[in-house]
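**Student:** Fold the following, please.
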Amino acid sequence: QVQLVETGGGLVQAGGSLRLSCAASGFTFSRYVMGWFRQAPGKEREKVATISGSDGRTHYADSVKGRFTISVDNAKNTVYLQMNKLKPEDTAVYSCAGGITVVTAGVYGMDYWGKGTLVTVSS
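**Tutor:** Now for the predicted structure:
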């Protein structure tokens, strides 16, 4: 049974940092592209970052480039999102996802989804 479980969300002040973790089980992690996506209230779900489990290549949304870093630990089947210099507009539910796809893929390329963790950035 495939499971993706996110942890690490919370409340942080603007300019602060958070690290999200996603523990995956039930599939061969290194074969997948793993990613973080977010959905703010009243908005569509959008891609934040993706990483290839096989070669480590990454792809970021323009809005987070230079501030967020995605990484993966294949031995632990865990993907991370380090978020620095957070802004109020980063407030959203952040979800982890995985799919057999290309690293530039978006929402529709993902096969499995976690339930998400809430990140709130206060001004």
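
**Student:** I'd like the distance between the residue nearest the centre of the chain and Gly8.
**Tutor:** By Cα atoms, centre = their mean, the chain has its centre lying nearest to Trp36, at 1.9 Å. Distance, Trp36 to Gly8, by Cβ to Cβ, to the nearest Å: 11 Å. Just so you know, the C-beta spots here come from the backbone N, C-alpha and C atoms, and that holds for glycine as well.

**Student:** So which bits of stretch 115-123 are buried?
**Tutor:** Across stretch 115-123, burial judged by 16 or more other Cβ atoms under 10 Å covers 116-117, 119, 121.

**Student:** pLDDT averaged over that stretch, what's the number?
**Tutor:** Average pLDDT, stretch 115-123: 97.

**Student:** which non-adjacent residue is nearest Gly10?
**Tutor:** Nearest non-adjacent residue to Gly10, counting by Cβ to Cβ, 6 or more residues apart in numbering: Leu18, 6.5 Å away.

**Student:** so that neighbour bridges to which residues?
**Tutor:** In this entry, Leu18 is beta-bridged to Met83, by DSSP bridges.

**Student:** And the pLDDT for it?
**Tutor:** Listed pLDDT for Leu18 reads 98.

**Student:** now do Ser30
**Tutor:** 81.
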